[in-house]
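Asks: Provided below for reference: sequence and predicted model.
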Amino acid sequence: MKYLNYLFSLQNAGSKYSLDRMKKLIDLLGNPQNKIKTIHIAGSNGKGSCAAFLDSILTEAGYSVGVYTSPHLIRLNERIVVDGVQITDTELEQSVKTIKDIA
């Protein structure tokens with residue numbers, strides 16, 4: 001899959017401790033993060049379990065839930081799940097194309 005080759009070919013050209021590039025990219029994408037309610041899970045251990053617990057609780061409460069985790073075990077699609085369904089190859093490819101074109 002061509003988009004996977006592109007994604008995995010990206011490398012960090014050096015550390016720059018700034019969010020300026022990401023802020024510019026999300027501005028160009030229309031700041032989609034402002035349109036959804038999010039919970040950001042951070043820390044050293046237990047993030048996957050915490051995400052799974054919250055996913056289960058919120059789904060049971062009737063919410064539509066999207067979860068992003070990293071790394072994946074087998075396929076990149078495992079990282080992005082909405083309402084228990086992994087992102088399709090087509091959706092992932094289109095998302096990569098959209099961001100690549102803007103970046």
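Replies: Now that the structure is in, tell me what you want to look at.
Asks: Quick check, central residue of the chain?
Replies: residue 68 (4.7 Å; C-alpha atoms, centre = their mean).
Asks: That residue touches residue 80, doesn't it?
Replies: Yes. With contact defined as C-beta atoms under 8 Å, residue 68 and residue 80 form a contacting pair (5.6 Å). Where you see a C-beta, it was placed from the backbone N, CA and C, and this is true even at glycine.
Asks: Low-confidence regions, this protein specifically.
Replies: Scanning the chain for pLDDT under 70 picks out 13-15.
Asks: switch the cut-off to 90
Replies: In the predicted model, the chain carries pLDDT under 90 at residues 1-18, 21-22, 44, 70-71, 102-103.
Asks: backbone phi and psi for the residue lying farthest from the centre of it, please?
Replies: What lies farthest from the middle of the chain is residue 61; by C-alpha atoms, centre = their mean that is 22.9 Å. Main-chain dihedrals, residue 61, degrees, to the nearest 10: phi -80, psi 0.
Asks: Any figure for the gap between it and residue 55?
Replies: To residue 55, residue 61 is 11 Å away according to C-beta to C-beta, to the nearest Å.
Asks: Residue 67: neighbour count?
Replies: Residue 67: 19 surrounding residues under other C-beta atoms under 10 Å.
Asks: what sits against it?
Replies: By C-beta atoms under 8 Å, 6 or more residues apart in numbering, the residues touching residue 67 are 51, 55, 80, 81, 82.
Asks: Direction included, what does the helix or strand harbouring it pair up with?
Replies: Counting by DSSP states H and E, the element that carries residue 67 is strand 66-68. The strands beside strand 66-68 in its sheet (DSSP bridges) come out as strand 80-82 (antiparallel).
Asks: Residue 59 contacts residue 82, doesn't it?
Replies: No. With contact defined as C-beta under 8 Å, residue 59 does not count as touching residue 82 (10.7 Å).
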